[in-house]
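[1] The sequence isn't on hand, but the structure is:
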């Protein structure tokens, strides 16, 4: 389908998403977005960025005067066929044949290739990338857990009948695990919301009933004039939140920030991993 | 000083603010912003807005095709001299001679007159109004409590020496009250941050050590095409936060939303009041 643009493929995802989040239609439409985005980017030049993050290299796509967000060189694949390999592996329950690193790179590339397309064709559009990332991660979570998410939960109380709007939550059934899945392109100072929502779920349904597993793309920030990339991290604040607000089980990143990966080694337990690990460990997370 | 513009007066506040938050220089400079904003607005036309909020009327200022945010008709005063009356009353510790309603109207007018100036002279500038509102409310709190605020607190812990960035906090001294003052032009879904920060303070310093008293301007939203004003409120979510995240002592508004004032009558205790009441009740809030 050579006439498919990344945006029209994205609109197909919008149309199909909610009807069956884990369904094959979403899988195919997400693959179409990746294919169309790779085709668009293949005609563009790239510019090197100066990475101030140790052991990471970044570049950007450029179209005329416009420059895209930073792209992690090691993580980015321009191979649309990789999505199909990944999909077949998941479908055959063989995701464990693909190592976590490979899965992380594929999912990172699907997201970032579309984001770069939006950066270069729209002005200041933050909403479309954010929504696309929710579709992508929401679908993958649903597919792996084989259950569709909810975004509202009933709150039982003595004298009010309210529903609580939430990020995606996945209920695997009576006496089985429930997942709380916030999805963010980046967090900065807004991250405290993730812990606060977990606290509300703990309070309303019992501590530990929902397993908190936020998925975040990256914390990079690009200075477009200087063409420099930094990561904005607040690790000491995260430790305070994990001690005093609520406990998150995992924090998954596609591009794990250096400062946060160090949290795996200190108190409190705050496990930050590349998202690809979710596929191998999903069944053991509740234990 | 006829050459003073609202923006140059605002820049004076920026220059003086941090050196002595409760100081007389801030009081005078804030008054200059109000005077200059009233002078600017006096030359403009107003347009009626259709209020979908019961018992409230709103209008907007217009300059050519540009239309300002919604202004509450009952609360808005165009009398720069009112600021001086208010300042003299506070200085003479006679704020109780001014009723809470009058104080609320004066503070509302200082904020909103400057916001309308920014709406009509800048494009999409949300930051300047937000910062000005922090200056205005931060100064008034400091002045009334007679102590300057901090925005960082040391976190004592077994194996980390971190500081916690906070909203304004006011420490009245050993064994006396401490206030936690988040300041927002409006909150929408970001309000959960206020409860989460209170939870962190409760966890680190002991429950009840900091009295949480956020000050918010309004929750109105204007549909500029239809010229309609609504209030966006989430009262059931507020009740859940107050039960499950932390307890706020007061939530002060300049323009109290109808749906939130009803929270005064139901469980849990969640007291929402016009900001003017703070000046009379500040000394008794800790009890």
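    It's in. All figures in this text were calculated on a predicted structure; none of them were measured in a lab.
[2] give me every residue that touches residue A:237.
    Going by C-beta atoms under 8 Å, 6 or more residues apart in numbering or on different chains, residue A:237 touches A:192, B:162, B:164, B:165. Heads up, the C-betas are built off the backbone N, CA and C, glycines and all.
[3] Pull up the residues of chain A that are close to chain B.
    A:155, A:158-160, A:162, A:164-165, A:190, A:192-193, A:195-197, A:199-200, A:202-204, A:236-237, A:239-241, A:243-245, A:266-267 (C-beta under 8 Å from any C-beta of the partner chain).
[4] Which residues lie in contact with the residue nearest to residue A:134 when sequence neighbours are not counted in this structure?
    What sits nearest to residue A:134 in space, not counting adjacent residues and going by C-beta to C-beta, 6 or more residues apart in numbering or on different chains, is residue A:183, at 4.8 Å. Going by C-beta under 8 Å, 6+ apart, residue A:183 touches A:133, A:134, A:137, A:138, A:167, A:168, A:214, A:215, A:216.
[5] cool, residue A:275 as well?
    So residue A:275 contacts A:103, A:104, A:107, A:137, A:215, A:252, A:253, A:254 (C-beta under 8 Å, 6+ apart).
[6] While we're on it, how confident is the model there?
    Looking at residue A:275, its pLDDT is 97.
[7] Quick one: classify the residue lying closest to it once chain neighbours are set aside as helix, strand or coil.
    Distances taken as C-beta to C-beta, 6+ apart place residue A:252 nearest to residue A:275, at 4.2 Å, with adjacent residues excluded. The three-state label given to residue A:252 by DSSP: H, G, I helix; E, B strand; the rest coil is strand.
[8] Report the buried residues of the helix or strand bottoming out on mean pLDDT in chain A.
    The weakest-scoring helix or strand in chain A, judged by mean pLDDT, DSSP states H and E, is strand A:150-155 (a mean of 83). Buried residues in strand A:150-155, counted by 16 or more other C-beta atoms under 10 Å in any protein chain shown: A:153, A:155.
[9] next SSE after that strand?
    strand A:162-171 (DSSP states H and E).
[10] mind listing what that following strand pairs with, with the direction of each?
    Paired strands of strand A:162-171, with direction, are strand A:150-155 (antiparallel), strand A:178-181 (antiparallel) (DSSP bridges).
[11] With respect to residue A:32, which of those strands lies nearest?
    strand A:178-181 (23.7 Å; C-beta to C-beta).
[12] Tell me the first helix or strand C-terminal of the closest one.
    Immediately after strand A:178-181, counting by DSSP H and E, sits strand A:183-184.
[13] what about that following strand, average pLDDT?
    96.
[14] Run the angle between the helix or strand just after it and strand A:150-155 for me.
    Proceeding N to C from strand A:183-184, the next assigned helix or strand is helix A:192-205, under DSSP H and E. Relative orientation of helix A:192-205 versus strand A:150-155 (axes from the mean of the first three to the mean of the last three C-alpha atoms, to 10 degrees): 40 degrees.
[15] List buried residues within the residues of chain A next to chain B.
    Buried subset of these (neighbour count, 16+ other C-beta under 10 Å): A:155, A:164, A:192-193, A:195-197, A:199-200, A:202-204, A:236-237, A:239-241, A:243-245.
[16] picking up where we left off before, and the gap between the residue nearest to residue A:134 and residue A:151?
    11 Å (C-beta to C-beta, to the nearest Å).
[17] Which neighbours do the two have in common?
    A:167, A:168.
[18] Next, count neighbours for the nearest residue to residue A:146 once chain neighbours are set aside.
    Distance criterion C-beta to C-beta, 6+ apart; nearest residue to residue A:146, sequence neighbours excluded, is residue A:22 at 6.6 Å. Neighbourhood size, residue A:22 [other C-beta atoms under 10 Å in any protein chain shown]: 19.
[19] and residue A:22, which of the three is it?
    coil.
[20] residues contacting it?
    A:139, A:142, A:143, A:145, A:146, A:147, A:148.
[21] could you redo those residues as CSV and give each row secondary structure, neighbour count and pLDDT?
    Below are the contacts of residue A:22 laid out as CSV (DSSP: H, G, I helix; E, B strand; the rest coil; neighbours: other C-beta atoms under 10 Å in any protein chain shown; pLDDT from 0 to 100):
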residue, secondary structure, neighbour count, pLDDT
A:139, helix, 24, 96
A:142, helix, 20, 95
A:143, helix, 21, 93
A:145, helix, 19, 93
A:146, coil, 10, 92
A:147, coil, 18, 95
A:148, coil, 18, 96
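[22] quick one: which of those is nearest to residue B:17?
    residue A:139 (48.1 Å).
[23] which other residues reach the helix or strand hosting residue A:259?
    Under the criterion of DSSP H and E, residue A:259 resides in helix A:258-261. By C-beta under 8 Å, 6+ apart, the residues outside helix A:258-261 that reach it are A:53, A:54, A:55, A:56, A:219, A:231, A:233, A:235, A:238, A:251, A:253, A:272.
[24] Keep only those of those residues that are in helices.
    Assigned to helices by DSSP state H, the following of the contacts of helix A:258-261 qualify: A:235, A:238.
[25] Now which of the contacts of helix A:258-261 would you call buried?
    Counted by 16+ other C-beta under 10 Å, these give A:53, A:56, A:219, A:231, A:233, A:235, A:238, A:251, A:253, A:272 as buried.
[26] quick one: contacts for the fifth one?
    Looking back up the chat, that one is residue A:233. Taking C-beta under 8 Å, 6+ apart, one finds A:219, A:257, A:258, A:259, A:260 in contact with residue A:233.
[27] Also the fourth one?
    Under the criterion of C-beta under 8 Å, 6+ apart, the contact list for residue A:231 reads A:53, A:218, A:219, A:220, A:221, A:257, A:258, A:259.
[28] For residue A:225, see how far away the first one is.
    Looking back up the chat, that one is residue A:53. 18 Å.
[29] backbone phi and psi for residue A:228, please?
    Main-chain torsions, residue A:228, degrees, to the nearest 10: phi -120, psi 140.
[30] And residue A:232, by the same measure?
    Dihedral angles (degrees, to the nearest 10) for residue A:232: phi -100, psi 110.
[31] Now do the helices in the stretch 1-150 of chain A.
    A:6-16, A:24-41, A:81-91, A:100-121, A:127-145 (DSSP state H, counting those that start in this stretch).
[32] now the longest one, how far from the centre of its chain.
    Mean C-alpha position of helix A:100-121 versus that of the full chain (C-alpha atoms, centre = their mean, to the nearest Å) differs by 10 Å.
[33] Likewise for the first one?
    When distances are taken as C-alpha atoms, centre = their mean, helix A:6-16 is centred 18 Å away from the chain's centroid.
[34] Give the buried residues for it.
    A:6, A:7, A:9, A:10, A:12, A:13, A:16.
[35] ok, back up a step: can I get the contacts of residue A:275 in CSV with distance to residue B:115 and pLDDT?
    Putting these into CSV (distance: C-beta to C-beta, whole Å; pLDDT from 0 to 100) gives the following:
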residue, distance to residue B:115, pLDDT
A:103, 48, 93
A:104, 45, 96
A:107, 43, 96
A:137, 38, 97
A:215, 37, 98
A:252, 40, 98
A:253, 38, 98
A:254, 39, 98
